[in-house]
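**Student:** Attaching a predicted model along with its sequence, questions to come.
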Amino acid sequence: MIEQRFFQNAPGSPRYLPIAEHGLIGDLRTVALVGSDGTIDWYCCPAFDAPSVFAAVLDAERGGHFALAPAVPARTKQFYFPDTNVLITRFFTDEGVGEVQDFMPVAGESGDCERHRLIRRVICVRGTVPFRVRVAPRFNYGADPHTLSLLDGNALFESETMSLALTATVSMESDGADAHADFKLGEGESAVFALDQAGEHIAPRGCAHVEAERQFEATVRYWRRWLSRSRYRGRWREMVHRSALTLKLLTYAPTGAIVAAPTTSLPEQFGGERNWDYRYVWVRDAAFAVYALLRLGFTGEAEAFMKFLTTCITPGDGAASGPLQIMYGIDGRTDLPERELPHLEGHCGSAPVRVGNAAADQLQLDIYGALIDSIYLYDKWAQPISSAQWDDVTRLVAWVCDHWDQPDEGVWETRGGRKNFLYSRLMCWVAIERAIRLARRRGLPADLAQWLGARDAIYRRIMDRGWSERRHAFVQYEGGDVLDASLLMMPLAKFIAPTDPKWLSTLDALGEDLVSDSLVYRYDPQASPDGLRGDEGTFSICSFWYVEALVRAGRVDEARLAFEKMLTYANHLGLYAEEIGRTGEQQGNFPQAFTHLSLISAAFNLDRALG
């Protein structure tokens, strides 16, 4: 039974839906999270990293929302229109059945490349259903006041920094600065609500039934045409394709950037401080996403990301983080200052709410391996890189050859001081090794003597100092005995044979220390302090890495069981957050590119092993 969280006659209803009780829609510029009760709880306009307009997922009172649901008790189910990112929320009442179709037309498909809009079409499919709608924007993360003007039943919300126009086929009324309406639909009847950015040079426009139908069909056509390019025909096709559609939604079309997640500050631990802004381009995450999409045959997204690298990112010299930052804005900007928003209480009271990310200034050496590996695969599976791109690669490799032995903050962005992390060494090895392969295959100019020397030195360093005789395992950092799930990448990156005795011993040790019924923790923050208070859930990318490591070690039956268990933790739409809590709840920013790209890779390799 749905709870009407944002309507006045619903005292005592829960203030927050669980993170997993949401679906995602978007237009390759921004996204919206739609709750299973029909409420839009998160929406930034006009881009991923713009200030929020609806942020009830972070503060039920001050965040803002767009609620649309029956005015009577109802059961609800949510699904995607097949092979698309059009979301359907169905409501089952005693008098009839209704549904809300939520979608954002993709620029170009609707015939208007500059206009981005959110459309909600509500239909009564059986009987009669009374509906209630309430539109309560809160601009600039709920910090800016706004006014409401009504004209011919439509609404114009104006703040100092942004204006939104709501056009509707039912007459809206005012409630202070919010708009609301009650209406009843009979079988076959519908109502349409369209939210557009408005302003001095952007005039509001209507969205009648015919136009809504046209844009619905265009949006369906776009997503089905895009997905038809997938070459994946194996088991778990539905989950793999949902993950691919999700990764595509996390792409910023104007530049080719891929964000790590479309949300900020969803907690890794309820009530804890591990709340971060992920609406940026992590070099590592985006490079891994390119790898996953290339696996499925989506070369256009890889090409767009390569263009982002060459046009939006200029490798620097002498910066504390090396020639590359670990993350960038969706337009390539480098200044991402982190600040807290104390007026927002956080999801279920999990403060602080943060925007920006101070980790942008960290040194994380592994990003060079992730990036150059994706460039290598793009050159191999899509099209040859240009001479200018190769020049950039050689400069990066030369820097890695000179700096691979520095301590850094590591792949998990710890805030407890730099260490000599094994995973950082591993990915420096990958950076150099893939560049050597590319140079030899293409006959490209390279300082192979220097590269080979550095590659072999890293290998020896890892084997000598990264191995613990006491644990009979490779460890998180040199001189320690703590394990780390990032070690699962050692055979995946082809650093060590997946059946090497040292690796098999490490795999067993990881299973004992960090695996809980197929779910994998990144590391133990009690044994390896990371500078933050509290604990966290299991990290889903690591769980899928574990599946892949089991496959490569020949433990295919184990891998399949672990994979099938992981699928049970997806939400009702096949979406994953960053982590999974002790009772199976989704935690962290949602949905997470890391999780979905690793699902694709694990499914691909497991399917191939099963034959």
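**Tutor:** Now that the structure is in, tell me what you want to look at.

**Student:** okay, CA-based contacts and neighbour counts for the rest of this
**Tutor:** Fine.

**Student:** which one's the longest helix in the chain?
**Tutor:** helix 422-442 (DSSP state H).

**Student:** Any buried residues in that helix, and which?
**Tutor:** For helix 422-442, burial by neighbour count (16 or more other CA atoms under 10 Å) applies to 422-436, 438-439.

**Student:** cool, stretch 348-366 as well?
**Tutor:** Residues of stretch 348-366 classed as buried: 348-357, 359-366 (neighbour count, 16+ other CA under 10 Å).

**Student:** Could you report the distance from residue 363 to residue 542?
**Tutor:** 22 Å (CA to CA, to the nearest Å).

**Student:** before we move on, the earlier item: can I get the longest helix of the chain in PDB, CA atoms only?
**Tutor:** The C-alpha coordinates for helix 422-442 follow below in PDB (Å, rounded to 0.1, in the frame of the first residue of the first chain):
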ATOM      1  CA  LEU A 422      49.300  -2.500  -3.900                       C
ATOM      2  CA  TYR A 423      46.400  -1.700  -6.200                       C
ATOM      3  CA  SER A 424      48.000   1.600  -7.100                       C
ATOM      4  CA  ARG A 425      51.200  -0.300  -8.100                       C
ATOM      5  CA  LEU A 426      49.200  -2.800 -10.000                       C
ATOM      6  CA  MET A 427      47.400  -0.200 -12.100                       C
ATOM      7  CA  CYS A 428      50.700   1.600 -12.800                       C
ATOM      8  CA  TRP A 429      51.900  -1.700 -14.200                       C
ATOM      9  CA  VAL A 430      48.700  -1.900 -16.300                       C
ATOM     10  CA  ALA A 431      49.300   1.600 -17.700                       C
ATOM     11  CA  ILE A 432      52.800   0.800 -18.900                       C
ATOM     12  CA  GLU A 433      52.000  -2.800 -20.000                       C
ATOM     13  CA  ARG A 434      49.000  -1.700 -22.200                       C
ATOM     14  CA  ALA A 435      51.000   1.100 -23.700                       C
ATOM     15  CA  ILE A 436      53.800  -1.300 -24.600                       C
ATOM     16  CA  ARG A 437      51.200  -3.600 -26.300                       C
ATOM     17  CA  LEU A 438      49.700  -0.700 -28.200                       C
ATOM     18  CA  ALA A 439      53.100   0.600 -29.400                       C
ATOM     19  CA  ARG A 440      54.100  -2.800 -30.600                       C
ATOM     20  CA  ARG A 441      50.800  -3.700 -32.300                       C
ATOM     21  CA  ARG A 442      50.600  -0.300 -34.100                       C
END
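
**Student:** same for it, what does it pack against?
**Tutor:** Contact partners of helix 422-442 among helices and strands, from 3 or more CA pairs under 8 Å, 6 or more residues apart in numbering; DSSP states H and E: helix 366-381, helix 387-403, helix 448-465.

**Student:** Sort out which residues of the shortest one are buried, please.
**Tutor:** It refers to helix 366-381. Residues of helix 366-381 classed as buried: 366-378 (neighbour count, 16+ other CA under 10 Å).

**Student:** Need the contact partners of it.
**Tutor:** Residues outside helix 366-381 that contact it (CA atoms under 8 Å, 6 or more residues apart in numbering) are 283-284, 287-288, 290-291, 294, 299, 302-303, 306, 326, 384-385, 393, 396, 400, 410-411, 423-432, 434-435, 438.

**Student:** okay, now the closest residue to residue 467 other than its chain neighbours: neighbour count?
**Tutor:** For residue 467, ignoring the flanking residues on the chain, the nearest one in space by CA to CA, 6 or more residues apart in numbering is residue 474 at 4.4 Å. The local packing of residue 474 (other CA atoms under 10 Å) involves 30 other residues.

**Student:** Ok, the one 3 residues further on next?
**Tutor:** When neighbours are counted by other CA under 10 Å, residue 477 registers 24.

**Student:** on that earlier part again, could you pull up the contacting residues of the residue nearest to residue 467?
**Tutor:** Residue 474 sits in contact with 466-468, 483, 487, 502-503, 506, where contact means CA under 8 Å, 6+ apart.

**Student:** Kindly reformat the residues you listed as CSV containing secondary structure.
**Tutor:** Shown next, in CSV, are those (DSSP: H, G, I helix; E, B strand; the rest coil):
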residue, secondary structure
466, coil
467, strand
468, strand
483, coil
487, helix
502, helix
503, helix
506, helix
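
**Student:** Closest to residue 581 out of those residues?
**Tutor:** Among those, residue 483 lies closest to residue 581 (CA to CA), at 20.3 Å.

**Student:** quick one, what contacts that closest one?
**Tutor:** Counting by CA under 8 Å, 6+ apart, residue 483 has contacts 474-476, 510, 513-514, 523-524.

**Student:** Also residue 244?
**Tutor:** Residue 244 neighbours (CA under 8 Å, 6+ apart): 293, 596-597, 600.

**Student:** Distance-wise, check it relative to residue 220.
**Tutor:** From residue 244 to residue 220 the distance is 16 Å (CA to CA).

**Student:** what does residue 607 give?
**Tutor:** For residue 607, the distance to residue 220 equals 29 Å [CA to CA].

**Student:** which one of these two has more residues nearby?
**Tutor:** More neighbours surround residue 220 than the other of residue 607 and residue 220, with 20 against 17 (other CA under 10 Å).

**Student:** Please give the element, helix or strand, for the more buried one.
**Tutor:** Element membership for residue 220, per DSSP states H and E: helix 209-227.

**Student:** So what touches that helix?
**Tutor:** So helix 209-227 is contacted by 83-86, 103-106, 109-110, 119, 121, 169, 190-192, 241, 245 (CA under 8 Å, 6+ apart).

**Student:** Which pLDDT value goes with residue 532?
**Tutor:** What the model reports as pLDDT for residue 532 is 61.

**Student:** I meant to write residue 535 there.
**Tutor:** 70.

**Student:** I'd say it and residue 269 touch.
**Tutor:** Yes. With contacts counted by CA atoms under 8 Å, residue 535 reaches residue 269, the gap being 6.6 Å.

**Student:** neighbour-wise, which of these two wins?
**Tutor:** Under the criterion of other CA under 10 Å, the comparison of residue 535 against residue 269 puts residue 269 first, with 19 against 15.

**Student:** before we move on, the earlier item: for the contacts of residue 244, work out which two are farthest apart.
**Tutor:** Using CA to CA, the contacts of residue 244 reach their maximum pairwise distance at 293 and 596, which is 10.6 Å.

**Student:** Please say which of those two ends up with more neighbours.
**Tutor:** Shown here are residue 293 and residue 596; by other CA under 10 Å, residue 596 has more neighbours (30 against 23).

**Student:** now stretch 273-283, how far from the centre of its chain.
**Tutor:** Distance, stretch centre to chain centre, for stretch 273-283: 10 Å (CA atoms, centre = their mean, to the nearest Å).
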